[in-house]
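requesting a structural model of the entry that follows:
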Amino acid sequence: MIEHLLLRWVVTALFVISAVECGYAMVLCRRSWPALVSHGLHFAMAVAMAVMAWPAGAALPTTAPMVFFLLAAGWFAARTLIATGHRVADAYHMAMMVAMAWMYAVMGGTLLPRPADGGSAGMGHGGHHGGHAMAGADTSAATAPAFIDALNWLWTVGFAVAAIWWLYLYFSRRRAEPDLPAGRFFGTACQAMMAAGMSIMFAVML
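Here you go, the predicted model:
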């Protein structure tokens, strides 16, 4: 959960817009089942991230979504090995699904050591430590292993770079084909939105 209300709305907007675009893409590619699955997984990811930003999402279980996104990562890994022409993009999407599974694992507390007093070490969705931590979160989260913060930093910076890259692709493609309607490039813009939203969500976990 994101404590700052304005930032929460910004992240929600980024993922809701992305989910709408993914839904539209699913309608357009209904004759291609691999593309339908890929867009469907991105739709599920966008919805999950939008929900995760709010208090209601903080109370939801984490194990099932974690497993789901690990399977989604497996799908894109298979696409990376089998499909040709989009391997770099598929590898990026695989990394994004791994990041989703990682986020659920950290938020669910499965990567944290159990406190000596027997209390729960789980943070839950809202148990981020740091300045954006949910009020009342278990203070044991502050002693999380260093590798958790290190990987959260890696995801934060990595997705920030990805957002800039997708934004660059959006404008470069529009310049290269100025006669095409802007809507043809909206999918690329939404990739930038999702990457930016992911970077923000990982940043608030630091």
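
so, low pLDDT: which residues of this protein?
Residue ranges of the chain with pLDDT under 70: 1, 30, 58, 110-144, 182.

longest helix anywhere in the chain?
Criterion DSSP state H: the longest helix present in the chain is helix 146-176.

where exactly do the helices run in the protein?
Using DSSP H, helices in the chain cover 5-28, 33-52, 55-58, 63-82, 87-107, 146-176, 186-203.

before we move on, back to that, and the longest helix of the chain, what does it pack against?
Here helix 146-176 touches helix 87-107, helix 186-203, going by 3 or more CB pairs under 8 Å, 6 or more residues apart in numbering; DSSP states H and E. In short, each C-beta sits where N, CA and C put it, glycine included.

and among the ones you listed, the most buried is which?
Compared across these, helix 186-203 shows the largest average neighbour count, a mean of 22 (mean count of other CB atoms under 10 Å).

how far does it sit from its chain's centre?
Counting by CA atoms, centre = their mean, to the nearest Å, helix 186-203 is centred 8 Å from the centre of its parent chain.

that helix vs helix 146-176, what angle?
Here the directions of helix 186-203 and helix 146-176 differ by 160 degrees (axes from the mean of the first three to the mean of the last three CA atoms, to 10 degrees).

quick one: contacts of helix 186-203?
When contacts are defined by CB atoms under 8 Å, 6 or more residues apart in numbering, helix 186-203 is touched by residues 2, 7, 10-11, 14-15, 17-18, 21-22, 25, 42, 45-46, 49, 52-53, 96, 99, 103, 152, 155-160, 162-164, 166-167, 169-170, 173.

repeat that for stretch 33-46.
Contacts of stretch 33-46 (CB under 8 Å, 6+ apart): 15-16, 18-19, 22-23, 25-26, 29-30, 68-69, 72, 75-76, 79, 83, 93, 96-97, 100, 194.

buried among these? Make that a ChimeraX selection.
Selection of the buried residues among these in ChimeraX, burial being defined by 16 or more other CB atoms under 10 Å:
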select :15,16,18,19,22,25,26,29,68,69,72,75,76,79,93,96,97,100,194
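
just give me the neighbour total for Leu169.
Neighbourhood size, Leu169 [other CB atoms under 10 Å]: 15.

contact partners for it?
Thr188.

still on that earlier bit, quick check: buried residues in the longest helix of the chain?
Buried residues in helix 146-176, counted by 16+ other CB under 10 Å: 148, 151-152, 155-156, 158-160, 162-163, 166-167, 170.

same deal with stretch 32-48?
By 16+ other CB under 10 Å, the buried positions in stretch 32-48 come out as 36-48.

save the helices and strands packed on helix 146-176 as a markdown table, and put in distance to Thr62 too.
A markdown table is the format used below for those (distance: least, CB to CB, whole Å):
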| stretch | distance to Thr62 |
| --- | --- |
| helix 87-107 | 4 |
| helix 186-203 | 14 |
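
between those, which gets nearest to Pro61?
With CB to CB as the criterion, Pro61 lies closest to helix 87-107 of these, at 9.2 Å.

could you list every helix and strand that the closest one packs against?
helix 33-52, helix 63-82, helix 146-176, helix 186-203.

could you dump those to a markdown table with distance to Gly109?
Output for these, formatted as a markdown table (distance: least, CB to CB, whole Å):
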| stretch | distance to Gly109 |
| --- | --- |
| helix 33-52 | 15 |
| helix 63-82 | 11 |
| helix 146-176 | 11 |
| helix 186-203 | 17 |
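
that concludes my questions; thank you for your assistance.
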